[in-house]
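>>> Predicted model and sequence follow; I will ask about them next.
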Amino acid sequence: MKTDSIVAEVRHQRQSVLMSYDGDFERMSHDVMLRQWSSGHRVVSRGKKTAQQNVAPNAYPLHRQA
């Protein structure tokens, strides 16, 4: 498989950020959420989707655009 330099850079940066939290993913996630909520920007919260009756559990109603 060919090595993609962009993917390699993203992985390197992701690892660097995680290591800045001593490898603690939970601590990093908590910090990100705190910064997100305290930023003053609107945080989008998507409502829970409801499944259709008599169809696969991963199928959801289609919404037609007017």
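Everything's here; your move. Residues are numbered from 1 along each chain as shown.
>>> if I look at residue 42, how far off is residue 17?
As judged by CB to CB, to the nearest Å, residue 42 and residue 17 stand 24 Å apart. For the C-beta atoms, the positions are set from N, CA and C on the backbone; glycine is no exception.
>>> So which of those two has more stuff around it?
Neighbours per residue (other CB atoms under 10 Å) separate residue 42 from residue 17, with residue 17 holding more: 11 against 6.
>>> Contacts only, for that one.
Contact partners of residue 17, counting by CB atoms under 8 Å, 6 or more residues apart in numbering, are residue 28.
>>> Now do the one helix or strand residue 30 maps to, average pLDDT.
Here residue 30 sits within helix 25-38, counting by DSSP states H and E. Per-region confidence: helix 25-38 scores 91 on mean pLDDT.
>>> Quick check: buried residues in that helix?
By 16 or more other CB atoms under 10 Å, the buried positions in helix 25-38 come out as residue 28.
>>> Against residue 17, how distant is the most centrally placed residue in the chain?
Nearest to the mean C-alpha position of the chain, by CA atoms, centre = their mean, lies residue 29 at 10.5 Å. Distance from residue 29 to residue 17, counting by CB to CB: 11 Å.
>>> If we ignore the residues flanking it in sequence, what's nearest residue 36?
Distance criterion CB to CB, 6 or more residues apart in numbering; nearest residue to residue 36, sequence neighbours excluded, is residue 43 at 6.1 Å.
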